[in-house]
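J.: Predicted model follows, preceded by the sequence.
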Amino acid sequence: MSDEEPPTKSWEAAFAQGTRYSLILLNESLASTNPGESLYIAQDIVRILRRLGARAIFATYLHELATNVEALNASTDGESHIVSLVASRMGGWTPPFVQDCLRPPARAQLCARDCGATWHQL
């Protein structure tokens, strides 16, 4: 993709060529878009990936997207299944990291607890 080419062109190519055997990686792909528009676009992207049946990882800070996975699965036909994974540390800040199927608010509470920043700890 050239510097002048909008990111939607690469998405368009990935969606046109993607199959159930594809692995599509998206890393903060909507970070420069405002949060409301990002969520709307991200939901559509996730629906397209489900319909394709592709394997995908969509790294994002859009917690609302992760919270809505059941609704996205229910409202979109497809062979793949949408899940929310959260990377966390095991006993320190060095690897190994583990992925948990946690809702973002639960993850935020765990992080605050680990950092000594909960209401009761302060």
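T.: On my side now, so go ahead.
J.: Show me the domain layout of the protein.
T.: Following the assignment in automatic domain parsing, the chain carries domains at 1-84, 85-122.
J.: Tell me the spacing between residue 33 and residue 40.
T.: 9 Å (Cβ to Cβ, to the nearest Å). The C-beta positions use only the backbone N, C-alpha and C, and glycine is treated the same way.
J.: just residue 68 next, same as before
T.: Summarising the geometry, the distance separating residue 68 from residue 40, computed by Cβ to Cβ, is 12 Å.
J.: Not counting the lengthiest helix in the chain itself, show me its contacts.
T.: Of all the elements of type helix in the chain, the one with the most residues (DSSP state H) is helix 35-52. Helix 35-52 is contacted by residues 11, 15, 18-20, 22, 24, 26, 29-31, 33, 56, 58, 60, 62, 64-65, 68, 72-73, 75-78, 80-82 when judged by Cβ atoms under 8 Å, 6 or more residues apart in numbering.
J.: Show me just the buried residues among those.
T.: Burial by neighbour count, judged by 16 or more other Cβ atoms under 10 Å, picks out 11, 15, 18, 24, 26, 29-30, 56, 58, 60, 62, 65, 68, 72-73, 76, 78, 80, 82 from those.
J.: What is the neighbour count of residue 74?
T.: Around residue 74 sit 9 other residues, with neighbours defined as other Cβ atoms under 10 Å.
J.: can you give me phi and psi for residue 76?
T.: Taking degrees, to the nearest 10, you get phi -130, psi 120 for the backbone angles of residue 76.
J.: Oh, that last question was meant for residue 26, not what I typed.
T.: Here the main-chain torsion angles of residue 26 (degrees, to the nearest 10) amount to phi -120, psi 120.
J.: for residue 79, same thing?
T.: The phi and psi torsions at residue 79 (degrees, to the nearest 10) take the values phi -90, psi -30.
J.: What pLDDT does the model give the closest residue to residue 77 other than its chain neighbours?
T.: Taking Cβ to Cβ, 6 or more residues apart in numbering as the measure, residue 77 lies nearest to residue 51, with 6.5 Å between them; neighbours along the chain are not counted. Reported pLDDT at residue 51 in the predicted model: 91.
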